[in-house]
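Undergrad: I need the structure of the sequence given here:
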Amino acid sequence: MNRRSLLLALAGTPLAAQEQLDFLADLSQHQDLRDEFPARLKELAEERLAQRRRDVAAMRTPADVAERKAYIRKTIENAVGGFPERTPLNAQIVETLEMEGYRIEKIVFESQPDFYVTANLYVPTRGRGPYPGVLYPLGHEQGGKSHHTWQRMLANLARQGYVALAWDPVGQGERAQIYDPDLQGRKLIRSTTEHTVLGAQCLLTGDNIARYTIWDGIRALDYLISRPEVDSSRIACTGNSGGGTHTSYLSALEDRIHVAAPSCYLTGWERLLATIGPQDAEQVLLPWVGAGLDHADFVIAFAPRPFLMLAAVRDFFSIVGARSVFAEAREVYGLFDAKNNLAMAEVDEGHGYHQPNRIRAYGWFAQHLKQESYASGEEETDVLEFEDLACTSTGQVAGSLGGQTVHALNRQRVESFRPSQGDLLARVRERTGFEPPNGAPEAATYGVIEREGYRVEKLLLRPEPGVPLPALLFVPHSAKNLPAIVHVDGAGKSAASEPGGDVEWFVRQGAAVLALDLRALGETSRVDPRNGSDFPRYFGDYHAAMTSFLLGKSLVGMRAADVLSAVTYLASRPEIKTDAVCLVGKGAAAVPALHAALFDQRISQVALEEMLVSYRAVVDRRIHRNVLENIAVGALRDYDLPDLVAALAPRPVRVVNPVDPLGKRLWPRDAKRAYASSRNAQVLRRKTDAGPAEVYANFI
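TA: Numbering: from 1, shown residues only. From the prediction side, this is the model:
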């Protein structure tokens, strides 16, 4: 804010409000400005989910269900990028703990070569085998397989005559993937943060981190049924939260699982999007909603085998959604005359595998795996410490065994890709889900700021329903046939629009400049890094990005369309010439700007300032921040950002101060090396606090 604006603001004069560059949020008619785009995403999801419900309701025979089951499985496999090759498990029993009525075997196996999985096998020491088996994927609670609730249930299962296997998920227990040898533990405190840092890297390869977590579960099942104590014709799967997620995944994929009982997960995407939104990366298969699927499809894929839904009334996974899933699945089970094979149990508690639901699960397993009733409750058991159940000498695979990590395996995936030749534009459109804007955007005016030599028109552009794009149009006085610049900044339109800023400098060179807030940026951003969560700090607008992916779209593609809407709007202004529009993209808006230029020849030259240097850099580095919004799912199967710069030739591109995946400016030599193959790229260094003339001379 300049001195005059500051004095006016302190004085409380009407002119202070008039000169505000972020001018919409304080207006009564735009109190929901930040909620419009998220509401639009929810509306698009609800439309797709409504069509899905009609499709499910139209099923009339078991054959119809079988066809849908095949589609569900295929969609899961596609969502995770396919599964690895089945290789030797090389399982080893590290130690055995003798307990009352059972023993605990501490086991290490390899779900992929040198990708170590730490597990505990609970084996009955009473009765006669072979026993039914229980696969027990874990939730996100602290301690991995040593968490007290899991221990109690696993011990009770063993005492009841089941062989039960629990393993540490990726990023939990003994399997920290982003490990710090100095700290002798994880670099990232929360497992969910680690999952999603890795998950974003996997998305760039067209995979999902669930590729690794599901495969761990499939190989755990391989090991469980290989044991002579286990009757492979009687296998159950149960787990809570993230374990409920993987119970749902594994049961949908595996015919070798005969009884399923997920706890505190199934609720449906309509309720998720209305409440807590998408959770960490392995819990969001893409593009699940766009593919016409929902949570109930996991149950449908298991029909008509016995399925028990366990829910908590006060869970953050909506009980209303859980009941809807159950009601829909019940109709499908009815097509098999098997409604008795589907049940739901609720407990009036918060999130967790609470004792009443555990007892209900014991009864369900007894009924369907042993053909007997279960009348007793739950026995008290000794709860062991993390160290007692650890399979490694240090409590971490990375500190004891080494081996592969998700990060390393994902990098190997990239190395194996051979991008196809042919129509790059078509492949980029597909990866980003780009749809060109439909005609000129609606435009509404909200006043004018008069400055020396030019005016600033305050505008609201609407390229489509539910997508508000606040904008500032800078127009020199007494000028015609003005050259045009579209200026988009990840920090919002006001960041460079104050007197003396970059935008004013362009205006002083004789250009009309449209500074635009792309959707979910600037005035329409809902990101508040002060909310105490890791997610805004590492992933920006996580919900908007992941919901877009769920629909088969991306923020990159949609924001690129916003840029082109701005170009179309400028074409409607008689004082502006738009046969050769210049485009400046900065920060989080630079990647969409680059894509927009590829999609539209009206853009004659581009400047990309503080842009992520490449997608490959995100995969190569172990940690990144604020790149999720700029990801195109599967991009690295077809292209990287320097490839797009090169594809703009012969149009010139200025690459100014590109940044690494942590947002830090690259060394000049590294920046030049990254774009060495892009002969139309001029890689420039803008010194700290330098003005725009340093890099934008002769830009117009």
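Undergrad: any idea how far E85 lies from I225?
TA: Per CB to CB, to the nearest Å, E85 is found 19 Å from I225. C-beta coordinates here come from the backbone N, C-alpha and C atoms, glycine included.
Undergrad: and stretch 77-88, how far from the chain's centre?
TA: How far stretch 77-88 lies from its chain's middle: 20 Å, per CA atoms, centre = their mean, to the nearest Å.
Undergrad: Next, the distance between the ends of that stretch.
TA: By CA to CA, to the nearest Å, the extent of stretch 77-88 from end to end equals 21 Å.
Undergrad: Now it: buried residues?
TA: A79, V80, G81, P84 (16 or more other CB atoms under 10 Å).
Undergrad: residues making contact with it?
TA: 110-113, 202, 205-208, 210-211, 214-215, 218-219, 222, 253, 285-288, 413 (CB atoms under 8 Å, 6 or more residues apart in numbering).
Undergrad: a markdown table for the buried residues of stretch 77-88, including pLDDT and distance to E19?
TA: Listed next are the buried residues of stretch 77-88 as a markdown table, based on pLDDT from 0 to 100; distance: CB to CB, whole Å:
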| residue | pLDDT | distance to E19 |
| --- | --- | --- |
| A79 | 98 | 49 |
| V80 | 98 | 52 |
| G81 | 97 | 51 |
| P84 | 97 | 59 |
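Undergrad: Using a markdown table, please lay out those together with secondary structure and distance to P668.
TA: Converted to a markdown table, these look like this (DSSP: H, G, I helix; E, B strand; the rest coil; distance: CB to CB, whole Å):
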| residue | secondary structure | distance to P668 |
| --- | --- | --- |
| A79 | helix | 40 |
| V80 | coil | 40 |
| G81 | coil | 36 |
| P84 | coil | 40 |
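Undergrad: Can you pull out the low-pLDDT segments for the stretch 401-550 of the chain?
TA: Low-confidence segments of the stretch 401-550 of the chain (pLDDT under 70): 529-535.
Undergrad: can you pull out the helices in it?
TA: Here the stretch 401-550 of the chain has its helices, by DSSP state H, counting those that start in this stretch, at 406-416, 424-432, 502-508, 534-539, 542-550.
Undergrad: And the ones you listed: which comes nearest D22?
TA: helix 502-508 (14.3 Å; CB to CB).
Undergrad: counting contacts, what elements does that closest one pack onto?
TA: Packing partners of helix 502-508 (3 or more CB pairs under 8 Å, 6 or more residues apart in numbering; DSSP states H and E): strand 467-476, strand 484-489, strand 512-516, helix 693-696.
Undergrad: E328: which of these is closest?
TA: Here strand 467-476 is closest among those (CB to CB), at 31.5 Å.
Undergrad: chain center to the closest one: distance?
TA: Relative to the centre of its chain, strand 467-476 is centred 31 Å away, using CA atoms, centre = their mean.
Undergrad: Just the angle for that strand relative to strand 484-489, thanks.
TA: 130 degrees (axes from the mean of the first three to the mean of the last three CA atoms, to 10 degrees).
Undergrad: neighbours of the nearest residue to E141 once chain neighbours are set aside, just the number please.
TA: Among residues not flanking E141 along the chain, H147 sits closest, at 4.6 Å (CB to CB, 6 or more residues apart in numbering). Look at H147: counted by other CB atoms under 10 Å, it has 22 neighbours.
Undergrad: State the helix or strand in which A327 lies.
TA: Per DSSP states H and E: A327 is located in helix 319-334.
Undergrad: Which strands and helices lie in contact with that helix?
TA: Under the contact criterion of 3+ CB pairs under 8 Å, 6+ apart, helix 319-334 touches helix 33-57, helix 269-274, helix 296-302, strand 307-312, strand 342-347.
Undergrad: Which positions within that helix qualify as buried?
TA: Residues of helix 319-334 classed as buried by neighbour count (16+ other CB under 10 Å): I319, G321, A322, R323, S324, V325, F326, E328, A329, R330, V332, Y333.
Undergrad: right, so of the helices and strands packed on helix 502-508, which gets closest to P661?
TA: Smallest distance to P661 across the helices and strands packed on helix 502-508 (CB to CB): 19.8 Å, for strand 484-489.
Undergrad: what packs against the stretch of helix or strand R616 belongs to?
TA: Element membership for R616, per DSSP H and E: helix 615-620. Helix 615-620 is packed against helix 191-204, helix 406-416, with contacts defined by 3+ CB pairs under 8 Å, 6+ apart.
Undergrad: From the chain's centroid, how far away is stretch 426-446?
TA: Relative to the chain's own centre, stretch 426-446 is displaced by 22 Å; criterion: CA atoms, centre = their mean.
Undergrad: Likewise for stretch 91-102?
TA: Worked out by CA atoms, centre = their mean, stretch 91-102 lies 38 Å from the chain centre.
Undergrad: Alpha carbons only: can I get that stretch in CSV?
TA: Only the C-alpha atoms of stretch 91-102 are listed here, as CSV (Å, rounded to 0.1, in the frame of the first residue of the first chain):
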residue,chain,number,x,y,z
ALA,A,91,10.2,-64.2,5.0
GLN,A,92,12.2,-64.5,8.2
ILE,A,93,11.0,-65.1,11.7
VAL,A,94,13.2,-62.8,13.7
GLU,A,95,12.0,-63.8,17.2
THR,A,96,9.0,-65.5,18.9
LEU,A,97,7.3,-64.3,22.0
GLU,A,98,5.4,-66.9,24.1
MET,A,99,2.1,-65.5,25.5
GLU,A,100,-0.8,-67.1,27.4
GLY,A,101,-2.8,-69.1,24.8
TYR,A,102,-0.8,-67.8,21.8
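Undergrad: which residues touch that stretch?
TA: Against stretch 91-102 from outside (CB under 8 Å, 6+ apart): 103-110, 122-126, 155, 158-159, 223, 381-382, 384, 388-389, 391.
Undergrad: Tell me the buried residues in stretch 365-378?
TA: Buried residues in stretch 365-378, counted by 16+ other CB under 10 Å: F365, A366, Q367, H368, L369, Y374, E378.
Undergrad: between the residues you listed, which is nearest S614?
TA: Looking across those and measuring by CB to CB, the closest to S614 is F365, at 50.3 Å.
Undergrad: would that closest one count as being in a helix?
TA: Yes. Assessed with DSSP: H, G, I helix; E, B strand; the rest coil, F365 lies in a helix.
Undergrad: what's the nearest residue to it if we skip its chain neighbours?
TA: In this structure, F365 finds its nearest non-sequential neighbour in A236, 5.2 Å apart by CB to CB, 6+ apart.
Undergrad: Just checking: what are the partner strands of the helix or strand containing the one you found?
TA: With elements taken from DSSP H and E, the one containing A236 is strand 230-240. Partner strands and pairing direction for strand 230-240 (DSSP bridges) are strand 131-136 (parallel), strand 259-263 (parallel).
Undergrad: what does the longest one rub up against?
TA: Residues from elsewhere that reach strand 131-136 (CB under 8 Å, 6+ apart): 124, 150, 153-154, 157, 161-166, 217, 220-221, 224-225, 227, 229-232, 234-239, 243, 250, 257, 365, 369-370.
Undergrad: and P592, how many neighbours?
TA: P592 has 29 neighbours, counted by other CB under 10 Å.
Undergrad: change the start of the numbering to 33 and stick with it
TA: With 33 as the first residue, the last one maps to P624.
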